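Colleague: quick one, what's the 3D model for this:
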Amino acid sequence: MSWQQDNSLLSICSRTLRHTSAHGVPNIINSQDRWRSCCWTAFVLLVLGCMLWQCSQLTATYLHYPTQEKVTLVNSARLPFPAITFCNLNRARMSQLNLSKYHFLQNYLSVPSHDEHEAGMHSHENERNFAFALSQLSTQDQMELGHQLKDMLISCAFHDEVCNESYFTPFFNPKLGNCYTFNGPKLLSSSIHQTEVLNATKAGFSYGLTMELFIEQNEYISTLSTAAGLRVVLHGQGKMPFPEDEGVNVPPGQESDIGVVKVHVKRLHEPYNSRCSSGQDIRNYYTDVYGTDYSREACKKSCAQTKMIKNCGCRMWEFPAPPGIDVPLCNISEPSVNDCVEMYEYKLSHDQLKCHCPLQCEEEIFELTLSSSQWPSSKYMEV
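Modeller: Numbering: from 1, shown residues only. Predicted structure coming up:
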């Protein structure tokens, strides 16, 4: 009975292979000689191998989770107006350094050399030494040294409506000193009772922000301030601005118009190969101190601070201090400490720090177009 069943099974398989639509297989069985049978066998195995290889490639591609960029142009009648941060290129006011309270800071300002190369080296050294001296002061004292908004802001208008100092949020930048943000996350205006983000309804400078600013160039420190003007950065409300790394310079004596195109980037989470992050489980001192959203640049600077604390035994004044950890400021007057700090500053600037800082999953990029003209005109000066 078993033999009959096996014989029946063999017969079924034989008939199936002889009449299958996979044409190469019947030719193997029906070939009149061994040579033809071997040729058809080799051909079928080759095709089968190609099929398996293609299936493996398709499977590997699927498991790689490929993505395709999708670009959508949006022309909306109502868009959130970006936050605008500006800082004076001069860190501290000379009149304040002349006060007895801050007179010791003048010891860190040396006379520049007439040789261009040597002057450049002196300028960089002066900036580091002066920044180190300022870091010994409290944040409040450092902000007192810098330019004040009430002295710089002459006029302000947004969408043809008058704005004032209450529209700006001050914050301290370790490299540029006092900075001021318009339409930032803490916007509060008593005149219009506005606590939400302002919106732009039309394109054109008449419907944006217009400011007339006085940079107080007479207060500039000659041995430190090589350029005069403002540093302007456009960013999202939740993003930490880094004017030392991004933005544009606006010179004095000119009317500068900045055209903006906003690019909103959305990246897919894992398992897609963008490997983006929203900041979960990533230590970010800027989020801890300022409450801003995660960004790759903030992550890298936080990572540099962590490595300095671990390997140099001190923290750098350029980056926020880790909350809850009492670590002294780096004293760059000590050669060993200065060498350690300079090494990590070099690695940070050349992207050589081994930090886990993926791209943010959502990012707003503002592409700027800057144009300028002489201001004021000769006729306006005669009035």
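Colleague: contacting residues around the residue nearest the centre of the chain?
Modeller: Nearest to the geometric centre of the chain sits Glu297, at 4.8 Å (CA atoms, centre = their mean). Contact partners of Glu297, counting by CB atoms under 8 Å, 6 or more residues apart in numbering, are Met240, Phe242, Asp245. C-beta here means a position set from N, CA and C on the backbone, and glycine is covered the same way.
Colleague: what's the following helix or strand after the longest helix along the chain?
Modeller: The longest helix of the chain (DSSP state H) is helix 34-63. Note on helix 34-63: by DSSP states H and E, the next helix or strand toward the C-terminus is strand 79-80.
Colleague: which stretches in the stretch 251-383 of the chain count as strands?
Modeller: With strands called from DSSP state E, counting those that start in this stretch, the stretch 251-383 of the chain shows them at 254-266, 362-374.
Colleague: can you give me the domain assignment for this structure?
Modeller: Following automatic domain parsing, one gets these domains for the chain: 2-61, 79-261+375-383, 279-356.
Colleague: right, so of those, which gets closest to His269?
Modeller: His269 sits nearest to domain 279-356 of all the domains of the chain, at 10.5 Å, using CB to CB.
Colleague: that older thread, show the pLDDT at the residue nearest to the centre of the chain.
Modeller: Looking at Glu297, its pLDDT stands at 94.
Colleague: ditto for Cys361
Modeller: 91.
Colleague: hmm, Ile28 and Thr41 touching each other?
Modeller: Yes. The pair Thr41 / Ile28 is scored as a contact, 5.4 Å apart, by CB atoms under 8 Å.
Colleague: between these two, which has more neighbouring residues?
Modeller: Applying other CB atoms under 10 Å to Thr41 and Ile28 shows that Ile28 carries more neighbours, namely 18 against 15.
Colleague: and that one, what does it touch?
Modeller: Taking CB under 8 Å, 6+ apart as the test, what Ile28 contacts is Ser37, Trp40, Thr41, Val44.
Colleague: rebuild those residues as a markdown table, extending it with distance to Ser333 and pLDDT.
Modeller: Listed next are those as a markdown table, based on distance: CB to CB, whole Å; pLDDT from 0 to 100:
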| residue | distance to Ser333 | pLDDT |
| --- | --- | --- |
| Ser37 | 89 | 78 |
| Trp40 | 86 | 80 |
| Thr41 | 83 | 82 |
| Val44 | 80 | 82 |
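Colleague: for the residues you listed, name the two members farthest from one another.
Modeller: It's Ser37 and Val44 that sit farthest apart of those, by CB to CB, at 10.6 Å.
Colleague: who wins for neighbours among the contacts of Ile28?
Modeller: Most crowded among the contacts of Ile28, counting by other CB under 10 Å, is Trp40 at 19 neighbours.
Colleague: quick one on the thing from earlier: mind listing what's buried along the longest helix of the chain?
Modeller: Trp40, Val44 (16 or more other CB atoms under 10 Å).
Colleague: just checking, what packs against it?
Modeller: Counting contacts by 3 or more CB pairs under 8 Å, 6 or more residues apart in numbering; DSSP states H and E, helix 34-63 packs against helix 24-30.
Colleague: what's the mean pLDDT across the helix it packs on?
Modeller: 70.
Colleague: ends of stretch 205-215, what's the gap?
Modeller: Stretch 205-215 has its terminal residues 22 Å apart, counting by CA to CA, to the nearest Å.
Colleague: quick one: contacts for Ser155?
Modeller: With CB under 8 Å, 6+ apart, Ser155 has these contacts: Thr210, Met211, Glu212.
Colleague: kind regards, and thank you for your time.
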